[in-house]
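Undergrad: Okay, predicted coordinates and the sequence, questions at the end:
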Amino acid sequence: MRKKSILFVILTITLLFLMIANLGAQTKKVRLSIIDVAGNLQLTKTAIEAFKKAHPDLIEDIEYLKATAPELPAKIKAQQMAGNVTTTMVLTGYDAMASGLEMDLWENIYPTYKQYFPNLESRYLPGAKAAFDLFKGYGIVVTYCPGGPMFTYNPEKVKRVPQTAEELLEWAKQNPGKFMYARPANSGPGRAFLQGLPYILGDKNPKDPKTWEKTWAYLKELDKYIDYYPTGTAITFRELAEGTRWIIASHLGWDMNQRILGVIPSNFKAFFLKNTTWVTDAHFMCMPKGLDEARKRATLQLMSWLLRAEMQALTYDDGYFYPGPAIKGVPLSAAPKETQDKIKAAMRTEYERAIKEFPSTTQLGAKELVEAFDMWDRMIGAKVK
């Protein structure tokens, strides 16, 4: 009997110790480190800071880092191979979403942790849901935009606006060095231009870059009249503003944002080519494999927080990813008044008409997108700077 009592006491003490230890693990404050390769913090940082403020018992600090999409996978892989994963969340476009998935870097978030995201699939806008489905739950869509391809131009320099792909090529030939687009692997507008051309030109299978005979031939010919390909979209807009370029490949959000911020004059315009299909754009939240449970839980809570309607309303921002919200039921009227005024001033009737009239599609799947980037780099990208 005495032995049983002693054993009972030992077991009780052990259980209490485990409960206390587990409670301590759950309440331990963590440090989060977020890498942004898509410019998404422009849309979500205010909401992330609100999460930090609302959870002082959970979050010790949040570190923000920026990198380019092509360099990100190697950074994450190095952390994982060293057994020291410091990055807790990645904010990315299709580029690093796809390349990271191909390298098996990302944790499956949904349905593995679906308890953090109740009714997620039914809450998504159709375009955001399609982007989400493409990557099978390894990335959570946080913001959404109709995307491109579209073209922003200086109306003082371009008197006759191209209406077809053939007319754009002829314009570039007549005005060498005045058209520009950025390397697709580094640029949302560059990526939209690359993936939109197969629809505009009528290639056999727009979802398979190996079949893009017309697109690759077109880009090779266009290359003759392009000075160089920058490694970021911002450079193209800066050179447009300076007068070095007269037409650039653009994107709905970029076009509006750069006029709102005053990077380009407010009278600069945009056009679409015949047979345009919107290649929609989305930003994803990814979680690298290898995190401890405490940081994993905090990251999932943050992701869930960013999908709240009031946090989604902040993503209208200055039009950078217009509209921005990925979730249903977040109209512009839910955004701050200052944001509403800026967006209304920058929006144009032809944009609204294009959103309603043009068909839309997702970007390529992970394998195909990586393949398209590689083919462009090998066949076209000799003049990247």
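TA: Great, that's in hand. Just so we're clear, the structure is a prediction, and the values are computed from it rather than from any experiment. Numbers count the residues shown, from 1 in each chain.
Undergrad: residues in contact with the closest residue to residue 205 other than its chain neighbours?
TA: Excluding its sequence neighbours, the residue lying closest to residue 205 (C-beta to C-beta, 6 or more residues apart in numbering) is residue 211, at 4.4 Å. In this view, the C-beta of every residue, glycine as well, is placed from N, C-alpha and C. Taking C-beta atoms under 8 Å, 6 or more residues apart in numbering, we find residue 211 in contact with 203-205.
Undergrad: mind putting those residues in a markdown table, secondary structure included?
TA: Output for those, formatted as a markdown table (DSSP: H, G, I helix; E, B strand; the rest coil):
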| residue | secondary structure |
| --- | --- |
| 203 | coil |
| 204 | coil |
| 205 | coil |
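Undergrad: Could you tell me which of the residues you listed count as buried?
TA: residue 203 (16 or more other C-beta atoms under 10 Å).
Undergrad: okay, the contacts of residue 211 in TSV with pLDDT and distance to residue 251 next?
TA: Converted to TSV, the contacts of residue 211 look like this (pLDDT from 0 to 100; distance: C-beta to C-beta, whole Å):
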residue	pLDDT	distance to residue 251
203	98	21
204	96	26
205	98	24
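Undergrad: The residue nearest to residue 380 when sequence neighbours are not counted: helix or strand, and which one exactly?
TA: Distance criterion C-beta to C-beta, 6+ apart; nearest residue to residue 380, sequence neighbours excluded, is residue 219 at 5.2 Å. Assigned by DSSP states H and E, residue 219 belongs to helix 213-223.
Undergrad: So what touches stretch 357-366?
TA: Counting by C-beta under 8 Å, 6+ apart, 94, 97-99, 101-102, 127, 130-131, 134-135, 146, 191, 195, 199, 206-207, 209, 272, 276-281, 369, 372 sit against stretch 357-366.
Undergrad: OK, contacts around the residue nearest to residue 380?
TA: Residue 219 sits next to 194, 197, 376, 379-380 when contact means C-beta under 8 Å, 6+ apart.
Undergrad: 10 Å instead?
TA: Counting by C-beta atoms under 10 Å, 6 or more residues apart in numbering, residue 219 touches 169, 181, 193-194, 197, 212, 226, 375-376, 379-380.
Undergrad: Could you list the domains of the protein?
TA: Domain ranges of the chain: 28-146+282-338, 148-278+348-383, per automatic domain parsing.
Undergrad: avg pLDDT for the longest one?
TA: This points to domain 28-146+282-338. Domain 28-146+282-338 shows a mean pLDDT of 97.
Undergrad: Now do that domain: distance to the chain's middle.
TA: Relative to its chain's centre, domain 28-146+282-338 lies at 10 Å (C-alpha atoms, centre = their mean, to the nearest Å).
Undergrad: Report the secondary structure state of residue 198.
TA: Secondary structure, three-state DSSP: residue 198 is helix.
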